[in-house]
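*Asks:* here are the coordinates; sequence isn't available:
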């Protein structure tokens, strides 16, 4: 059985990139590649029914939590590299 974990809300790649970079990086847009999915939203109905799980952390806050964790362990270079291309 597969249980999707997610917010059940759509978040664009551009919004994710801006949230991770805090708007400090210039985002480079490229043409969609063959096979790219235009949008995807996790259906969390089953995980809620089976495990009673539901999201409690907004994606923006989760990203800030990740940034704090990476900064604490000296891993911010991994967050900051490769973000210029979306």
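*Replies:* Done, it's in. Keep in mind that what you see is a predicted model, and the values were worked out from it rather than measured. Numbering: from 1, shown residues only.
*Asks:* residue nearest the centroid of this protein?
*Replies:* residue 16 (5.4 Å; Cα atoms, centre = their mean).
*Asks:* kindly list the longest helix within the chain.
*Replies:* Counting residues, the longest helix found in the chain (DSSP state H) is helix 59-72.
*Asks:* if you count neighbours, what's buried in it?
*Replies:* Residues of helix 59-72 classed as buried under the neighbour-count rule (16 or more other Cβ atoms under 10 Å) are 63, 67. Glycine gets a C-beta too; all of them are placed from N, C-alpha and C.
*Asks:* residue 55 reaches residue 8, doesn't it?
*Replies:* Yes - the pair residue 55 / residue 8 is scored as a contact, 7.1 Å apart, by Cβ atoms under 8 Å.
*Asks:* next helix or strand past the helix or strand hosting residue 17?
*Replies:* Secondary structure from DSSP states H and E places residue 17 in helix 13-21. The first helix or strand that comes after helix 13-21 along the chain, using DSSP H and E, is helix 45-51.
*Asks:* what about the chain, any weak spots by pLDDT?
*Replies:* 77-86 (pLDDT under 70).
*Asks:* returning to what we had before: helices or strands next to the longest helix of the chain in the packing?
*Replies:* helix 13-21, helix 76-80 (3 or more Cβ pairs under 8 Å, 6 or more residues apart in numbering; DSSP states H and E).
*Asks:* what angle do that helix and helix 13-21 make?
*Replies:* On the basis of axes from the mean of the first three to the mean of the last three Cα atoms, to 10 degrees, helix 59-72 is oriented at 40 degrees to helix 13-21.
*Asks:* list of residues touching helix 59-72?
*Replies:* Helix 59-72 is contacted by residues 7, 9, 11, 16, 19-20, 57, 75-76, 78-79 when judged by Cβ atoms under 8 Å, 6 or more residues apart in numbering.
*Asks:* so which of the residues you listed is the closest to residue 34?
*Replies:* residue 16 (21.7 Å; Cβ to Cβ).
*Asks:* for the closest one, give its distance to residue 1.
*Replies:* 28 Å (Cβ to Cβ, to the nearest Å).
*Asks:* ok now the longest helix of the chain, how far from the chain's centre?
*Replies:* Helix 59-72 sits 11 Å away from the centroid of its parent chain (Cα atoms, centre = their mean, to the nearest Å).
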